[in-house]
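# A structural model of the following input is requested.
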Amino acid sequence: SHDYIRAGTTTLFAALEVATGKVIGSLHRRHRAAEFKKFLTKLDREVPEGFDVHLILDNYATHKTPDIKNWLLAHPRFHLHFTPT
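Modelled structure (predicted):
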């Protein structure tokens, strides 16, 4: 609802590099598309070119906004896989 307050909770976006166990993460005060896009940009910087990036995500609307879809079109090595609803 419009008056929902997170009361000190935080958002963690994290990616696991399965070959090495390295975790790339970022903490944010909010859980919006803007923060998710910052995380995608961080992944794009930290994952070497030539590697595809597969992300397993929930079906939260943050991951499906037009801004995110446009970013993904410009970064075809990123592949999103959504958990069943």
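# CA only for contacts and neighbour counts going forward, please
Noted.
# got phi/psi on the residue of the chain most remote from its centre?
Ranked by distance from the centre of the chain (CA atoms, centre = their mean), the top residue is residue 3, with 25.2 Å. Phi and psi for residue 3, reported as degrees, to the nearest 10, are phi -100, psi 10.
# against residue 31, how distant is it?
Counting by CA to CA, to the nearest Å, the gap from residue 3 to residue 31 is 15 Å.
# quickly note the distance from the residue farthest from the centre of the chain to residue 39.
From residue 3 across to residue 39, the span is 26 Å (CA to CA).
# then residue 13?
Note on residue 13: its distance to residue 39, by CA to CA, is 7 Å.
# list residues touching both of the two?
25-26 (CA atoms under 8 Å, 6 or more residues apart in numbering).
# what's the longest helix in this protein?
Counting residues, the longest helix found in the chain (DSSP state H) is helix 33-46.
# what packs against that helix?
Applying 3 or more CA pairs under 8 Å, 6 or more residues apart in numbering; DSSP states H and E, one finds that helix 33-46 makes contact with strand 22-28, helix 66-74.
# give the buried residues for the shortest one.
What it means is strand 22-28. Neighbour-count burial for strand 22-28, counted by 16 or more other CA atoms under 10 Å, picks out residue 26.
# what does the longest one give?
Within helix 66-74, the residues that qualify as buried are 68, 72, counting by 16+ other CA under 10 Å.
# hang on, the earlier thing: the longest helix of the chain: which residues count as buried?
Under the neighbour-count criterion of 16+ other CA under 10 Å, helix 33-46 has 33, 35-37, 39-40, 43-44 buried.
# show me what secondary structure element comes after that helix.
strand 53-57 (DSSP states H and E).
# now do the same contact list for the residue nearest in space to the middle of the chain.
Residue closest to the average C-alpha location in the chain (CA atoms, centre = their mean): residue 36, at 4.6 Å. By CA under 8 Å, 6+ apart, the contact set of residue 36 is 13, 62-63.
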